[in-house]
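J.: Predicted structure and sequence below. I'll ask about it afterward.
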Amino acid sequence: MKKLTLVCILLFSFFNNYSQQALLLFKKKNITVQSFWVGSIIAFQLRDEQWQKGEITKIRNDSFFIRPVVVQYSLLTTDTFYYNVLGFSVSDVSAMPKRGVLIDYKNGEFQISRSGGHQHWYWIKSGWLFRVASAGYAGLIVANSLLDSDLSISDSKPQLAVAAGVFLVGVLLKKIYKLTIRTGKKYHLEIFQLQN
């Protein structure tokens, strides 16, 4: 009986010490969009437009600490680098990546990876498909005119106007499409303390 009591006390103290003390919540008004805790990976953008990504090591009343983690892939190996712990205030965060956006370490800094992540319909939403298709269509019209030895623009005006309009739609979609969510009135970070 004494051994069972001792084991119960040890287990209780172990789970009490390693239980979650606080949560970092990313909210849209009063609805939680994402939750982070000690040990989870977070990526965010600071007020100076610099990206940070790392493992959360500690959460305080109005700040959190991360250990930046950099994974570099090569042909045969993968190298993981851990940097010194950095502390940030909740008010330092100006943007969070949308769900599915991948933040990688490239050219000496963290940045949005254009090749990775799980962005649904990215090629259409960002306007890339419209820009490429219209440029190809306009190139085909010019090539056909050159092959026919008739390079008069007046005959190809309607087709070139369509190509220009589709290209303009692609440029507008590129301007509108955002990969981040800005913090402010609608979205904000908050810390929720589970224990005192």
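T.: In hand now; what should we look at? Numbers count the residues shown, from 1 in each chain.

J.: Am I right that residue 157 is in a helix?
T.: Yes. Assessed with DSSP: H, G, I helix; E, B strand; the rest coil, residue 157 lies in a helix.

J.: Quickly note the distance from it to residue 148.
T.: Between residue 157 and residue 148 the computed distance is 16 Å (C-beta to C-beta, to the nearest Å). Bear in mind the C-beta positions are built from the backbone N, C-alpha and C, glycine included.

J.: residue boundaries of the strands in the protein?
T.: 22-28, 31-36, 41-46, 51-59, 63-73, 78-82, 86-89, 93-97, 103-106, 109-112, 180-182, 187-193 (DSSP state E).

J.: could the ones you listed be laid out in JSON lines, adding mean pLDDT, distance to residue 125 and mean neighbour count?
T.: Converted to JSON lines, the strands of the chain look like this (pLDDT from 0 to 100; distance: least, C-beta to C-beta, whole Å; neighbours: other C-beta atoms under 10 Å):
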{"stretch": "strand 22-28", "mean pLDDT": "92", "distance to residue 125": "20", "mean neighbour count": "17"}
{"stretch": "strand 31-36", "mean pLDDT": "92", "distance to residue 125": "19", "mean neighbour count": "13"}
{"stretch": "strand 41-46", "mean pLDDT": "93", "distance to residue 125": "20", "mean neighbour count": "19"}
{"stretch": "strand 51-59", "mean pLDDT": "93", "distance to residue 125": "21", "mean neighbour count": "18"}
{"stretch": "strand 63-73", "mean pLDDT": "89", "distance to residue 125": "27", "mean neighbour count": "15"}
{"stretch": "strand 78-82", "mean pLDDT": "86", "distance to residue 125": "31", "mean neighbour count": "9"}
{"stretch": "strand 86-89", "mean pLDDT": "93", "distance to residue 125": "30", "mean neighbour count": "13"}
{"stretch": "strand 93-97", "mean pLDDT": "93", "distance to residue 125": "15", "mean neighbour count": "19"}
{"stretch": "strand 103-106", "mean pLDDT": "84", "distance to residue 125": "19", "mean neighbour count": "18"}
{"stretch": "strand 109-112", "mean pLDDT": "86", "distance to residue 125": "14", "mean neighbour count": "16"}
{"stretch": "strand 180-182", "mean pLDDT": "90", "distance to residue 125": "14", "mean neighbour count": "15"}
{"stretch": "strand 187-193", "mean pLDDT": "90", "distance to residue 125": "20", "mean neighbour count": "15"}
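
J.: Any chance of these in CSV with distance to residue 127 as columns?
T.: Shown next, in CSV, are the strands of the chain (distance: least, C-beta to C-beta, whole Å):
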stretch, distance to residue 127
strand 22-28, 26
strand 31-36, 26
strand 41-46, 22
strand 51-59, 23
strand 63-73, 29
strand 78-82, 34
strand 86-89, 33
strand 93-97, 20
strand 103-106, 22
strand 109-112, 16
strand 180-182, 17
strand 187-193, 24
